[in-house]
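>>> With the input below, show me the fold.
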Amino acid sequence: MKLKYILFAAFFTLILSLNAQVNPHAIGLRLNGDGRGNGAEISYQHGFGDANRLEIDLGARTHRHWRHFGIFAAYHWVWNLTAGLNWYVGPGAAIGSYQSRDYYDDGLTLAIGGQIGLEYDFNSAGAPILISLDARPLWEVWDYYEYNSFGYGAAFSVRFTF
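Next up, the predicted model:
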C-alpha cells in the first residue's frame, strides 16, 4: 500500500517538474460549442514566466432561443509533454449578458470554474502559431433564470504568438 503512495508522489513530482516554455503573448480565435449554443471568442494570452499565463476571451454564443455575450478569464499552469506539446489547467471566471429570443427576457450571468486543455506550439518548427483543444467547466452562480447550473464547453483555438 505504501508503494502506491510513493509511486503516486513520484509521478506527481515529475509532472510538476515538467515546465513548458510559455509564449509572452498570443492572440487569436477560439471557436466553441456545447449543448447550449455555438460561438466564437477573441482570445488573448499573456505569459508570466515559463509556466504560467493569463487568458482573456471576449465573445458571443447563439442558440435558436437566446444570445449570450461575455468575457472569460483564466489563470493557467502549463506543463510540457513533449517538444511543442503542452497541457494546461487553471481556475477561471466569466461575466456576461443574456438576451432571450422567445420571452423578451435579458439579464446578467456570473460563473466560476476552470479550463483544461492540450496545445501544440509551432514555434519549435519556426512558425508563430499555437493551436489548442480545451474544455471549460463552469458553474453559473447567477444566471438569467436565477438558479445555479453547471455546464461546460469545448473549443478549438488558433492563435498567433509574439
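
>>> rest of the way, CA atoms for contacts and neighbours
Will do.

>>> Quick check: residue 26 touching residue 44?
Yes. Counting by Cα atoms under 8 Å, residue 26 does reach residue 44; the two are 5.7 Å apart.

>>> Give me the next element, helix or strand, following the lowest-mean-pLDDT helix or strand in the chain.
Here the helix or strand of the chain ranked lowest by mean pLDDT, DSSP states H and E is helix 2-17, holding a mean of 56. Note on helix 2-17: by DSSP states H and E, the next helix or strand toward the C-terminus is strand 25-34.

>>> so what does that next one touch, helix or strand wise?
Applying 3 or more Cα pairs under 8 Å, 6 or more residues apart in numbering; DSSP states H and E, one finds that strand 25-34 makes contact with strand 37-48, strand 149-161.

>>> weakest of those strands by average pLDDT?
Of all these, mean pLDDT reaches its minimum on strand 149-161 (a mean of 90).

>>> outside of that strand, which residues touch it?
The contact list for strand 149-161 (Cα atoms under 8 Å, 6 or more residues apart in numbering) reads 23-34, 43, 128-141.

>>> Which of these are buried, as a PyMOL select command?
For the buried members of these, the matching PyMOL selection, counting by 16 or more other Cα atoms under 10 Å, is:
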select buried, resi 23+25+26+27+28+29+30+31+32+33+43+129+130+131+132+133+134+135+136+137+138+139+140
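
>>> For the spatially most central residue of the chain, which residues are in contact?
Nearest to the mean C-alpha position of the chain, by Cα atoms, centre = their mean, lies residue 115 at 4.0 Å. By Cα under 8 Å, 6+ apart, the contact set of residue 115 is 74, 76, 88-92, 134-137.

>>> Grab the nearest non-local neighbour of residue 58.
Distances taken as Cα to Cα, 6 or more residues apart in numbering place residue 71 nearest to residue 58, at 4.5 Å, with adjacent residues excluded.

>>> okay but the one you found is in contact with residue 56, surely?
Yes. If you go by Cα under 8 Å, residue 71 and residue 56 touch, sitting 7.2 Å apart.
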